[in-house]
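# Predicted coordinates and the sequence they were generated for:
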Amino acid sequence: MQIRPLEESDYDHFHALWMIALAECPGAFGDDEQEAQKRVPARWAIRLKQSPMYGSFHDGVLSGIVGLGLNDQIKRRHIAGIGPLY
């Protein structure tokens, strides 16, 4: 298993897994399945740069994701939040 930050080149696999996550657990995420389906790749790329997402890869296949919310306030930079997890 490999865990690494997701890159723009991971978009197709990330989007497919994200849609599965939203379909299986709609109440677990703040995102809406219909809105996520319409979101264009460029918007996802911006989102991935603003809030890092890490992927778990098993035999080269993306099998899990977790978001990391960073704080940009000087006195709070040591604080991070775990966000979408699937």
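Perfect, I can see it now.
# May I see the buried residues of the strand or helix carrying I20?
Remark: I20 resides in helix 11-24, with elements defined by DSSP states H and E. In terms of neighbour count (16 or more other CB atoms under 10 Å), helix 11-24 has its buried residues at H13, F14, L17, W18, A21, L22. C-beta here means a position set from N, CA and C on the backbone, and glycine is covered the same way.
# wait, which of these is closest to L70?
Within the buried residues of helix 11-24, the smallest distance to L70 is 18.6 Å, found for F14 (CB to CB).
# so how many other residues sit close to the closest residue to the closest one other than its chain neighbours?
The spatially closest residue to F14, leaving aside those adjacent along the chain, is L6, at 5.6 Å (CB to CB, 6 or more residues apart in numbering). By other CB atoms under 10 Å, 20 other residues sit near L6.
# Could you double-check that L6 sits in contact with M53?
Yes: L6 lies in contact with M53 (CB atoms under 8 Å); the separation is 4.6 Å.
# Next, work out how far apart D59 and Q2 are.
9 Å (CB to CB, to the nearest Å).
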